[in-house]
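[1] From the sequence below, what's the structure:
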Amino acid sequence: MSDVGTLLREWRTTRRMSQLELSSTAGVSARHLSFVETGRSRPTREMILRLASRLDVPLRGQNELLLAGGYAPAWAETGLREAPLADVLSSLRDVLTGHDPYPAVLVDRHWTMVDANDAVARLLEGCAAWLLEPPVNVLRLSLHPEGMAPRIRNLAEWRTHVLHRLDQQAAHTADPVLRDLHAELAGYPGGSVAGTPTGLVVPLRYDDLSFFSITSVLGTPLDVTLAELAIESFLPADAATAAALHRRRDGRI
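    Numbers count the residues shown, from 1 in each chain. Prediction:
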């Protein structure tokens with residue numbers, strides 16, 4: 001495990017902040033921050049959390065900093081199947097169900113599917129069985145040539161959007177798993193689009209359907225697991241898509 005000073009320096013570098021900038025916003029001297037980063041001074045628990053807050057370090061990263069500094073974690077990390085999360089997960093599943101007939105999926109920090117509504121299953125016909133075996137990574141499923149990719153009509157545009165978003169997430173969280181996932185997905189065929197996208201949103205054009213997506217996260221999570229959950233919901237980008245999805249749900253096509 002890296003020492004706390006090294007980890008703080010890595011986060012500061014990731015956020016592209018100088019020691020002077022960080023020390024100024026955190027209310028500590030640049031000299032003292034330098035001593036902390038080089039291991040010449042041991043930061044208090046409160047200082048670690050203050051610096052982590054100014055660096056916008058995720059809850060998981062904050063716990064790692066505290067452990068590296070010799071302190072207990074500040075944030076609980078509850079397993080998805082453990083009782084304390086049952087009520088929250090039940091409510092999140094209600095959100096998924098309520099979104100039907102439009103697709104919605106609950107994912108963790110690595111884009112692993114935790115749950116999905118029935119509308120998602122109706123879109124996955126023809127995908128390779130191995131891609132649908134748990135744990136299902138929804139980004140791999142969407143861009144793999146044996147997954148949804150052959151049916152995405154604007155694959156180059158959608159692929160560019162997904163890779164850019166994943167790259168930003170990997171940079172923000174400093175998560176090596178996300179970096180590896182980005183490298184994997186970037187190796188899939190499908191092309192890319194240069195320049196700034198036009199239009200109001202980047203659509204997902206899937207078969208004869210057209211969607212735009214919304215990502216929802218919990219507003220005030222105090223648990224690492226909950227902080228890393230997100231609902232990716234897809235809404236119809238036109239009236240024809242809305243009508244088609246209602247017909248599919250009702251078994252009229």
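[2] From now on I want contacts and neighbour counts done on CA atoms only, so please keep to that.
    Will do.
[3] Contact partners for Arg122?
    Arg122 makes contact with Arg248 under the criterion Cα atoms under 8 Å, 6 or more residues apart in numbering.
[4] what are the phi and psi angles of it?
    Backbone torsions for Arg122, taken as degrees, to the nearest 10, come to phi -70, psi -10.
[5] Would you mind measuring from Ala242 to Glu232?
    According to Cα to Cα, to the nearest Å, Ala242 and Glu232 sit 17 Å apart.
[6] can you give me the helices in the stretch 101-250 of the chain?
    When assigned using DSSP state H, counting those that start in this stretch, the helices of the stretch 101-250 of the chain occupy the ranges 118-121, 138-143, 155-173, 176-186, 224-227, 239-249.
[7] Can you list the low-confidence ranges for the stretch 101-250 of the chain?
    In the predicted model, the stretch 101-250 of the chain carries pLDDT under 70 at residues 196-200.
[8] Can you give me the buried ones in stretch 184-204?
    Using 16 or more other Cα atoms under 10 Å as the test for burial, stretch 184-204 gives Leu185, Ala186, Gly190, Val202, Pro203, Leu204.
[9] can you give me the end-to-end distance of it?
    End-to-end distance for stretch 184-204, by Cα to Cα: 21 Å.
[10] What are the contacting residues of that stretch?
    Around stretch 184-204, the neighbours that count as contacts under Cα under 8 Å, 6+ apart are 139-140, 143-145, 149, 152, 154-161, 163, 210-213, 237.
[11] How about the contacts made by Asn63?
    Counted by Cα under 8 Å, 6+ apart, Asn63 has contacts Ala72, Pro73, Ala74, Trp75.
[12] Quick one: classify it as helix, strand or coil.
    Taking DSSP: H, G, I helix; E, B strand; the rest coil as the rule, one finds Asn63 in the helix state.
[13] mean confidence for the one helix or strand Asp94 maps to?
    Here Asp94 sits within helix 86-99, counting by DSSP states H and E. Per-residue pLDDT over helix 86-99 has a mean of 96.
[14] Also stretch 54-68?
    The average pLDDT for stretch 54-68 rounds to 97.
[15] Only C-alpha atoms, please: export that stretch in PDB.
    Extracted in PDB, the C-alpha atoms of stretch 54-68 (Å, rounded to 0.1, in the frame of the first residue of the first chain):
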ATOM      1  CA  ARG A  54     -10.800  19.900  -1.800                       C
ATOM      2  CA  LEU A  55      -9.500  17.300  -4.300                       C
ATOM      3  CA  ASP A  56     -13.000  15.900  -4.800                       C
ATOM      4  CA  VAL A  57     -11.800  12.400  -3.900                       C
ATOM      5  CA  PRO A  58     -14.700   9.800  -4.000                       C
ATOM      6  CA  LEU A  59     -15.700   8.100  -0.800                       C
ATOM      7  CA  ARG A  60     -13.800   4.900  -1.600                       C
ATOM      8  CA  GLY A  61     -10.600   7.000  -2.200                       C
ATOM      9  CA  GLN A  62     -11.100   8.800   1.000                       C
ATOM     10  CA  ASN A  63     -11.200   5.600   2.900                       C
ATOM     11  CA  GLU A  64      -8.000   4.500   1.200                       C
ATOM     12  CA  LEU A  65      -6.300   7.700   2.100                       C
ATOM     13  CA  LEU A  66      -7.300   7.300   5.800                       C
ATOM     14  CA  LEU A  67      -6.100   3.700   5.900                       C
ATOM     15  CA  ALA A  68      -2.800   4.700   4.300                       C
END
